[in-house]
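Participant: any chance you could fold what I've pasted below:
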Amino acid sequence: MHLDNNGLLIAATSFLCALSAHAQVSVLTYHNDLARTGQNLHETILTPAAVSSGHFGQVFSETMDGQVYAQPLYMPDVNIPGKRAYNVVFVVTEHDSVYAFDADRGGAPLWHVNFTDAALGVTTAPADSLVCKVIAPEVGITGTPVIDPTTGTLYVVAMTLEQFGRTYVQRLHALDVATGAEKPGSPVEIQASIPGTGDGNTLVRFNPRFYKQRSGLLLLNGVVYTAWSSHCDAGNYHGWVIGYDAVNLQRVSVYTTTPDWYAGSFWQGGAAPAADADGNIYVVSGNGTFDADRGGPDLGESIIKLSSIKGLSVADYFTPFNAELLSEKDMDLGSSGALLLPDAAGTPAHPHLLVSGSKEGRIYVLDRDNMGHFQSGSDSQIVQSLPAAVGPLFGIPVYFNNAVYFAGKDDVVKVFSISNGLLSEKPVSQSVGPVSYLGSVPSISANGSTQGILWTVESSAQLRAFDASNLANELYRGSTGSYVKFSTPTIANGRVYVGTLNGLVVFGLVNSGEGGVDAIVNAADFQPGPVAPGSIVSVFGSNLAPRADNAPNVPLPTVLEGTSLRVNGVPSPIYYVSPTQVNAQIPYEISPGAATVTLSAGANLLPPVPLTIQASAPGLFLSDQNRAVVQNQDGAVNGPDHSAAPGSIVTAYVTGQGPLNLPIPSGNAAPSDPLIGAVTGISATIGGQNVEVTFAGMAPGLVGVFQVNLRIPALVAGDYPLAIAVGPLTSNSGLITVGR
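Facilitator: Predicted coordinates:
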């Protein structure tokens, strides 16, 4: 999308595609976001009531050619050449394969690539040859890939044994998400070396045989970062973070934890490095040499903050007082990752918090601005240290609703609330019965701050679901067929995706009849409640359409893939349909008051659903992480990497603005001449401060979308809540980033 000289949106197609994608959350990186919170806050189908209803279970499974240790990734509306647009789940295996499946129905892969070639002597790495059977019988792709939605690129690291068993190779691949084809410059071999600091003449080299790419990948500011662990502590290994330019795959940065000695690898129970809005990267090293307290460079057994501004350099760190004992007893920090808490969880004294843990079962809360370094005798220099709070931790915790959830080894699932920047000393809720073996890596689904569900995959080969507000309330337990350790479930669009020993198992609502509508929400903020004539809504349920499809053009059709929607008998224009979701416009002809919505999926007429219509019901469009969909004056989408300067004009997007000063037929795009505005006055606030609105009207070229152009006030740089008001009614709020 871009803006013309009047600041008006003129690329309708991009917004319509973005609307469909926003209506279904994407999971493009490990644990959902760069803070590694593990939460999907846009899940409206899988409510606690729905999951515990008896109508939730396995909906399909897919067998693949190897073990699935990486978290499945989910991307909606991927246009597969020669086919159509699909919601896609991407799965990688230890047999060096990448698969793309129809995420709604499964079936034959949409595409499949494999990086071995027996005829040329290229195989996966046998576990026997690595003298390590932690992952057996073969090592291929272990770490969770990452997807760049802007370029449609999936980045993945694969290990191979080549030249008929003589050479080990690690490669970074950049694949087209629509075809699996290698992008230009792909793949590239992982190679690195840095000078050792001991005598100044020794090079510390990356030996591909010694390393496993266990941690997930990180994509940050145009760089793909890989982090490396060892095979069962074999060989003279180190902890490495190596960065590659996301466009040309040229290596741009290298860091190692132990240039003077050895060990200190990054495995983190599979967790990817975390990153903050300032471009700092957070990694947790395992057992290894530590001498930073004596002026040395080695940071084994530490939580490390790396600046990525110019290459990679240590900006700060924390090392436990008993680091030497942790290394000796193999109770390292490196079994968990770094979870970055939102600023709202902090205090003025400590606004930026980080949570991690160890095999010791201790929880650490750190100030990311002052991590504490090392202090002998105790960890009293950090924000908080909770000894023996949880079972040995193998995997990262999750954050939701001002609380942190842990699932330690042979311990119950526990949640600790946050107050005044501190975790409660005791859990405020816990499950009934322990999580066996190595515990689990939990994930959270919710609709905003409500309907929270905590999901775990356990060594008993079971998917478990708990009410996030009361962990004693177990909502579901069902078999996954088989199990791999540190399996991390992915929840998206009413489905739960779980990797297993031989493939993928998918859970969701199992049709109890011929389908039905579960919820109708504002498509801008996903919240239920009254909607206005002309509003865009999302309808969730089951058997709503035979397959996913987008409206091909404007005016929008009233029937798509055989699905139609009527409000008080009036056909609704339809943007998008799938088996579990329909995006549609409330017809302008509908009068305020009680209404009835009926949906027909082919010849199947689903039960009617009540809906309240009111004159205006503003909803501000949001993207992930509660960010407002806002364009800066230069056309870039506003965000931490593209802030808006004070005095500049930005454009926010709303639906449900109410009566218009000129009519627009339902399903038709707004014209650019004449411009059409709302009858009711429009105002806006940023950070609670009233701001100047320079234009407010229907977005030309779009259906049901109202744009508000406003001037950024003189604010210090940072994130602020933006809200739009139509008369006395105020929309939801979303974050906007103000720069300098």
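
Participant: can you give me the end-to-end span of stretch 565-578?
Facilitator: Stretch 565-578 has an end-to-end distance of 13 Å (criterion: CA to CA, to the nearest Å).

Participant: do you know how far residue 222 is from residue 148?
Facilitator: 9 Å (CB to CB, to the nearest Å). Heads up, the C-betas are built off the backbone N, CA and C, glycines and all.

Participant: state the three-state secondary structure for residue 325.
Facilitator: Following DSSP: H, G, I helix; E, B strand; the rest coil, the label given to residue 325 is helix.

Participant: please disregard the earlier target; I meant residue 719.
Facilitator: Once three-state DSSP is applied, residue 719 turns out strand.

Participant: how about the helices in the chain?
Facilitator: 12-23, 48-51, 323-328 (DSSP state H).

Participant: where among those is the average confidence lowest?
Facilitator: Looking at the helices of the chain, the lowest mean pLDDT belongs to helix 12-23 (a mean of 45).

Participant: contacts only, for residue 602.
Facilitator: By CB atoms under 8 Å, 6 or more residues apart in numbering, the residues touching residue 602 are 546, 562-563.

Participant: go again using 7 Å as the cut-off
Facilitator: For residue 602, the contact set (CB atoms under 7 Å, 6 or more residues apart in numbering) comprises residue 562.

Participant: mind pulling up the pLDDT for it?
Facilitator: You'll see residue 602 listed with a pLDDT of 80.

Participant: I'd like to know how far it sits from residue 551.
Facilitator: Residue 602 sits 18 Å away from residue 551, going by CB to CB.

Participant: cool, and residue 617?
Facilitator: For residue 617, the distance to residue 551 - CB to CB - is 23 Å.

Participant: more neighbours: these two, which one.
Facilitator: Using other CB atoms under 10 Å, the more surrounded residue of residue 617 and residue 551 is residue 617, with 26 against 20.

Participant: is it true that the more buried one touches residue 531?
Facilitator: Yes - here residue 617 reaches residue 531: they are 5.0 Å apart, a contact under CB atoms under 7 Å.

Participant: shared neighbours of these two, anything?
Facilitator: Counting by CB under 7 Å, 6+ apart, the contacts common to residue 617 and residue 531 are residue 656.

Participant: which stretches of this protein have low pLDDT?
Facilitator: Within the chain, the ranges that satisfy pLDDT under 70 run 1-24, 197-201, 511-514.

Participant: how is it carved up into domains?
Facilitator: Residue ranges of the domains in the chain are recorded as 190-266+272-390, 516-613, 619-738, according to automatic domain parsing.

Participant: just give the closest residue to residue 164, not the sequence neighbours.
Facilitator: Excluding its sequence neighbours, the residue lying closest to residue 164 (CB to CB, 6 or more residues apart in numbering) is residue 121, at 3.6 Å.

Participant: again, but for residue 168
Facilitator: Counting by CB to CB, 6+ apart, residue 168 lies nearest to residue 209, which is 3.9 Å off, once chain neighbours are set aside.

Participant: count of neighbours near the one you found?
Facilitator: Look at residue 209: counted by other CB under 10 Å, it has 17 neighbours.

Participant: that one and residue 251, how far apart?
Facilitator: In terms of CB to CB, residue 209 sits 19 Å off from residue 251.

Participant: repeat that for residue 98.
Facilitator: From residue 98 to residue 251 the distance is 22 Å (CB to CB).

Participant: swap in residue 451?
Facilitator: 44 Å.

Participant: among the two, which residue is more densely surrounded?
Facilitator: Between residue 451 and residue 251, counting by other CB under 10 Å, residue 451 is the more crowded of the two (22 against 16).

Participant: excluding its backbone neighbours, what's nearest the more buried one?
Facilitator: Using CB to CB, 6+ apart, the nearest residue to residue 451 is residue 47, at 4.6 Å.

Participant: can you check residue 694 too?
Facilitator: Nearest in space to residue 694, with sequence neighbours left out and distances taken as CB to CB, 6+ apart, is residue 709 at 4.7 Å.

Participant: show the contacting residues for residue 263.
Facilitator: Here residue 263 is in contact with 233, 237, 287-289, 300 (CB under 7 Å, 6+ apart).

Participant: next: residue 34.
Facilitator: 220, 274-275.

Participant: and residue 362, by the same measure?
Facilitator: 385-389.

Participant: distance between the ends of stretch 443-462?
Facilitator: Start-to-end, stretch 443-462 (CA to CA) is 14 Å.

Participant: check the offset of it from the chain's centre.
Facilitator: From the chain centre to the centre of stretch 443-462 is a distance of 14 Å (CA atoms, centre = their mean, to the nearest Å).

Participant: buried set for it?
Facilitator: The neighbour-count check on stretch 443-462 (16 or more other CB atoms under 10 Å) flags 443-448, 451-459, 461-462 as buried.

Participant: stretch 641-661 too?
Facilitator: 643-644, 649-658, 660.

Participant: reformat those as TSV; add distance to residue 216.
Facilitator: Compiled in TSV, the buried residues of stretch 641-661 are given as follows (distance: CB to CB, whole Å):
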residue	distance to residue 216
643	27
644	31
649	38
650	33
651	34
652	33
653	32
654	35
655	35
656	38
657	41
658	45
660	47
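
Participant: now, those that are in strands?
Facilitator: Counting by DSSP state E, the part of those found in strands is 649-655.

Participant: would you map the strands across the stretch 251-400 of the chain?
Facilitator: 251-256, 274-275, 280-284, 303-307, 313-319, 339-340, 353-357, 363-367, 373-374, 384-386, 398-399 (DSSP state E, counting those that start in this stretch).

Participant: for residue 52, which of the ones you listed is the nearest?
Facilitator: Among the strands of the stretch 251-400 of the chain, the nearest to residue 52 by CB to CB is strand 398-399 (20.3 Å).

Participant: about what we covered before: quick one: which of the contacts of residue 362 is nearest residue 721?
Facilitator: residue 386 (32.0 Å).

Participant: what pairs with residue 154 across the strands?
Facilitator: Counting by DSSP bridges, residue 154 is bridged to residue 147, residue 175.

Participant: so it is in contact with residue 178, correct?
Facilitator: No - counting by CB under 7 Å, residue 154 does not reach residue 178; the two are 10.0 Å apart.

Participant: which one of the two is surrounded by more residues?
Facilitator: residue 154 (25 against 20).

Participant: let me see the contact set for that one.
Facilitator: 90, 145, 147, 175, 177.

Participant: what about it, distance to residue 396?
Facilitator: Residue 154 is 22 Å from residue 396, by CB to CB.

Participant: likewise residue 498?
Facilitator: Using CB to CB, residue 498 is found at 17 Å from residue 396.

Participant: comparing the two, which residue is more hemmed in?
Facilitator: Higher neighbour count among residue 498 and residue 396: residue 396, with 31 against 28, using other CB under 10 Å.

Participant: tell me who's in contact with the nearest residue to residue 556 once chain neighbours are set aside.
Facilitator: Nearest non-adjacent residue to residue 556, counting by CB to CB, 6+ apart: residue 573, 3.6 Å away. Contact analysis of residue 573 by CB under 7 Å, 6+ apart lists 555-556, 558, 584-585, 666-667, 703.

Participant: can we see that at 8 Å?
Facilitator: Contacts of residue 573 by CB under 8 Å, 6+ apart are 551, 555-558, 584-585, 587, 666-667, 703.
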